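Participant: sequence first, then the predicted structure, then my questions.
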Amino acid sequence: MSRAFAWAVHAYTASGQLVAAWMAVCIVEGGDAGFRRAMQLMALATFIDSTDGWLARRARVKEALPGFDGRRLDDIIDFQTYTALPLLLLWRAGIPSAGWAWVLPFAAVASLYGFSQTNAKTEDGYFLGFPSYWNVVAVYLYLLRPHDALAAASIGLLALLTFVPTRYLYPSHQGGWFAAITNLGAAVWGVLLGAILTGAASERWTLLSAAYPAYYLLASWWVELRFRSRRARTESALH
């Protein structure tokens, strides 16, 4: 039974590949309807990714199936749904336009670097470097349609931050009130963004919904500053 449960969890993770394939079809079809379906599928893929880890820990998949690497499976699918396909959507949608499109492969290379780092997820429960949330970037650039220079600058800056070893929140691997607030905010944000993408809520709410990604970045940088300040005080005390 434990092995069957473990395989079921891996199958749940693998269902993200079916979502990725459907997403690719929608992006190739193009048009506003196709792009919006693809973004809705990005949200579904994110939901699967955010819940399969909890299931894997409950199923103790490493103990039940030591010969199968669920984390590798997860990374393969995540690179498609968080990086490759969102960047493809931006290219197909002309965001940014052709003269600035060179920044998209740069973001893909940066993401490859991030996914390949052995310490991409720290032992104390953080991502190290910008965690390749290109699906979120793609949604907001598509909905808000900023000037090409601003869109390219945003993509380029986030790509550069992938190489900077600073901590970013990974709430599902953390505890306490701070993680609880972050997870609650993520749930509210997900519902609001889903309503915008499906047309249940007006796109006028898009800017308001962007408050949560802004909070995530600012909170992550605040945590990093606290870590560095604490380390500096410790080193100062030792000397």
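Facilitator: Received the coordinates, thanks.

Participant: hey, let's count contacts and neighbours off CA atoms from now on
Facilitator: Fine.

Participant: the chain: strands as residue ranges?
Facilitator: If DSSP state E is used as the criterion, the strands of the chain fall at 126-128, 167-169.

Participant: what does the first one contact?
Facilitator: Which is strand 126-128. The contact list for strand 126-128 (C-alpha atoms under 8 Å, 6 or more residues apart in numbering) reads 119-122, 162, 164-170, 173.

Participant: make TSV from those and add neighbour count and distance to Met42 to it.
Facilitator: Rendered in TSV, the data for the contacts of strand 126-128 read as follows (neighbours: other C-alpha atoms under 10 Å; distance: C-alpha to C-alpha, whole Å):
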residue	neighbour count	distance to Met42
Asn119	14	25
Ala120	19	22
Lys121	19	22
Thr122	13	25
Thr162	23	21
Val164	13	26
Pro165	15	26
Thr166	19	26
Arg167	23	24
Tyr168	24	21
Leu169	22	20
Tyr170	21	19
His173	15	22
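
Participant: from these, which shows the smallest pLDDT?
Facilitator: Looking at pLDDT alone, these dip lowest at His173, where the score is 70.

Participant: list the contacts for it?
Facilitator: The contact partners of His173, by C-alpha under 8 Å, 6+ apart, come to 125-126.

Participant: repeat for Leu161
Facilitator: Listed by C-alpha under 8 Å, 6+ apart, the contact set of Leu161 reads 129-130.

Participant: same check, this time on Glu123
Facilitator: In this structure, Glu123 makes contact with no residue, judged by C-alpha under 8 Å, 6+ apart.

Participant: and it, how far from His173?
Facilitator: 10 Å (C-alpha to C-alpha, to the nearest Å).

Participant: for Pro86, state which of the contacts of strand 126-128 is nearest.
Facilitator: Comparing these against Pro86 with C-alpha to C-alpha places Thr162 closest, at 16.5 Å.

Participant: just give me the neighbour total for Leu18.
Facilitator: Leu18 has 12 neighbouring residues, counting by other C-alpha atoms under 10 Å.

Participant: oh, that last question was meant for Pro86, not what I typed.
Facilitator: As a burial measure, Pro86 scores 28 neighbours (other C-alpha under 10 Å).

Participant: which among the contacts of strand 126-128 gets closest to Ala149?
Facilitator: Thr162 (20.1 Å).

Participant: go ahead and flag the most central residue of this structure.
Facilitator: Here the mean C-alpha position of the chain is nearest to the C-alpha of Tyr133 (C-alpha atoms, centre = their mean), at a distance of 3.2 Å.

Participant: contact partners for that residue?
Facilitator: The contact partners of Tyr133, taken as C-alpha under 8 Å, 6+ apart, are 82-83.

Participant: same deal with Thr234?
Facilitator: By C-alpha under 8 Å, 6+ apart, the contact set of Thr234 is empty.

Participant: pLDDT at Pro64, what is it?
Facilitator: Quick fix: residue 64 reads Ala, not Pro. Model confidence at Ala64, expressed as pLDDT, equals 89.

Participant: give the burial count for it, as a bare number.
Facilitator: Neighbours of Ala64 under the rule other C-alpha under 10 Å: 16.

Participant: how about Ala14?
Facilitator: The number of residues packed around Ala14, counting by other C-alpha under 10 Å, is 19.

Participant: so it touches Leu73, yeah?
Facilitator: Yes - if you go by C-alpha atoms under 8 Å, Ala14 and Leu73 touch, sitting 7.3 Å apart.

Participant: if we can go back for a sec, what's the closest of the strands of the chain to Phe106?
Facilitator: strand 126-128 (18.7 Å).

Participant: spit out the residues that contact Ala14 and Leu73 alike.
Facilitator: Contact with both Ala14 and Leu73 is made by no residue, according to C-alpha under 8 Å, 6+ apart.

Participant: point out where the chain drops to low pLDDT.
Facilitator: Counting by pLDDT under 70, the low-confidence segments of the chain come to 174-175, 239.

Participant: that concludes my questions; thank you for your assistance.
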